[in-house]
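J.: Just to be clear, the model below is a prediction. Sequence and coordinates:
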Amino acid sequence: MDTIKLAKLNLPSYKFTFKSIEGKLYILDEIRSQYVFLTPEEWVRQNLVMYLITHQKYPKSFFSLESSINSKNSKRCDIIIYNKDMSAFMLIECKNSKIKINEKVLIQSSKYNLIVKAKYMVISNGLNHYIFEANYKNNGFMQLDN
């Protein structure tokens, strides 16, 4: 079986369910109710989801993972949290913990959010977490402390 070293993230620890399929490690995704291939980015995504459900009390039913945002190409948002009216509340871009959050990542996430139009945008590699509030009047984002 392929083994992957699970990075220690800057998030609380959670108990996950894993299984091996054809020698590859999969993790049970609580939102999609299915096993998904465990990559370093998926590890960050699953931990962020658990944090948002467990500590921030977002309902599971408000989440969408790996949502397609553009029919012309295969652009996908890692996590979108919706409001009760199904408008986008928060777009979250997850990166492998070894990837530095830089201007390129911010631009990528901003382009996604121009389509999704979420009020908040979060970028995380599991170690560093950045949250921004969208200002659509001047096409900008303001970084928040929390």
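T.: Everything's here; your move.

J.: OK, contacts around the closest residue to Pro40 other than its chain neighbours?
T.: Using CB to CB, 6 or more residues apart in numbering and skipping residues adjacent in sequence, the residue nearest Pro40 is Asn96, 4.0 Å away. C-beta coordinates here come from the backbone N, C-alpha and C atoms, glycine included. Counting by CB atoms under 8 Å, 6 or more residues apart in numbering, Asn96 touches Thr39, Pro40, Glu41, Val44, Asn125.

J.: which of these count as buried?
T.: Pro40, Glu41, Val44, Asn125 (16 or more other CB atoms under 10 Å).

J.: Take these and keep only those in helices.
T.: When DSSP state H is applied, the buried ones among the contacts of Asn96 are split such that Pro40, Glu41, Val44 fall in helices.

J.: Read off the pLDDT value for the second one.
T.: The one in question is Glu41. Reported pLDDT at Glu41 in the predicted model: 95.

J.: what's the nearest residue to it if we skip its chain neighbours?
T.: Going by CB to CB, 6+ apart, Glu41 has Asn96 as its nearest residue, at 4.9 Å.

J.: Just the closest of the contacts of Asn96 to Lys104, please.
T.: Asn125 (12.9 Å; CB to CB).

J.: Glu103 versus that closest one, what's the distance?
T.: 14 Å (CB to CB, to the nearest Å).
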